[in-house]
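Peer 1: What follows is a protein structure lacking sequence information:
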Ligand SMILES: CC(C)(COP(=O)(O)OP(=O)(O)OC[C@H]1O[C@@H](n2cnc3c(N)ncnc32)[C@H](O)[C@@H]1OP(=O)(O)O)[C@@H](O)C(=O)NCCC(=O)NCCS
């Protein structure tokens, strides 16, 4: 079971990463400390390690590891402005996402997440579509709720956000199930 290689929403085109994407991803979001504040990785300071990371995501697609990462482009363009990924763990689908700051607040990530939640819960083997975010990241929690997930609770000391602290922090878990 794997998601489609590409998908479209009214305003977005999502596709697999390519070897030449690293400079655009670096410029759009991966080097921005405001964007990465609550994420599990520090902002990139060079393009080369980011290119390596994207190679790993390409490898995941090619080898069906259960981790499928998309780059998000505005509809009608091919330049990445963000990313959304799904990891399939048994009958759960777990999502993660990030968007370039220039595009925040227009409902774009909600569109992408809504599409992938619908895809996941249409798979006979998947019963739970979920995501979590730092307790201090209300924009992300709001995206999950707007995309149809329900806030389930706080997972204490669940996730390390290395840009904030080496210690694991409390997270909000949201899910949609069928
Ligand atoms: C989280 C993120 C993906 C949201 O993407 P987006 O396309 O801007 O999201 P949307 O426009 O669909 O929705 C954002 C919602 O959060 C709300 N919001 C934004 N900042 C907020 C804040 N400080 N407090 C409360 N709500 C906030 C917006 O008002 C909007 O809700 P509304 O439509 O009801 O007004 C984007 O901000 C991002 O990439 N952040 C950095 C990376 C990140 O945190 N990723 C998630 C990791 S779990």
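Peer 2: That came through fine. Computed from a predicted model, the values in this text were never measured in an experiment.

Peer 1: what about residue 105, which SS state?
Peer 2: Secondary structure state of residue 105, per DSSP: H, G, I helix; E, B strand; the rest coil, is coil.

Peer 1: What does it show for phi and psi?
Peer 2: Dihedral pair for residue 105: phi 80, psi 20, per degrees, to the nearest 10.

Peer 1: pLDDT score assigned to it?
Peer 2: On pLDDT, residue 105 comes in at 98.

Peer 1: Report the contact partners of it.
Peer 2: Neighbour list for residue 105: empty [criterion: CB atoms under 8 Å, 6 or more residues apart in numbering]. In short, each C-beta sits where N, CA and C put it, glycine included.

Peer 1: ok now do residue 127, which residues does it touch?
Peer 2: By CB under 8 Å, 6+ apart, the contact list for residue 127 reads 91, 92, 121, 177, 178.

Peer 1: Look at it and report its pLDDT.
Peer 2: Looking at residue 127, its pLDDT stands at 98.

Peer 1: again with residue 19
Peer 2: pLDDT, residue 19: 88.

Peer 1: still on that earlier bit, out of the contacts of residue 127, name the ones that lie in strands.
Peer 2: Counting by DSSP state E, the part of the contacts of residue 127 found in strands is 92, 177.

Peer 1: Just send the contacts of residue 127 back as a markdown table, with neighbour count too.
Peer 2: Below are the contacts of residue 127 laid out as a markdown table (neighbours: other CB atoms under 10 Å):
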| residue | neighbour count |
| --- | --- |
| 91 | 13 |
| 92 | 15 |
| 121 | 16 |
| 177 | 14 |
| 178 | 9 |
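
Peer 1: Show me which of the contacts of residue 127 is closest to the ligand.
Peer 2: residue 92 (16.1 Å; CB to the nearest ligand atom).

Peer 1: That closest one contacts residue 125, correct?
Peer 2: No: counting by CB atoms under 8 Å, residue 92 stays clear of residue 125, with 10.1 Å between them.

Peer 1: What is the end-to-end distance of stretch 153-172?
Peer 2: End-to-end distance for stretch 153-172, by CA to CA, to the nearest Å: 6 Å.

Peer 1: Fine by me, thanks again.
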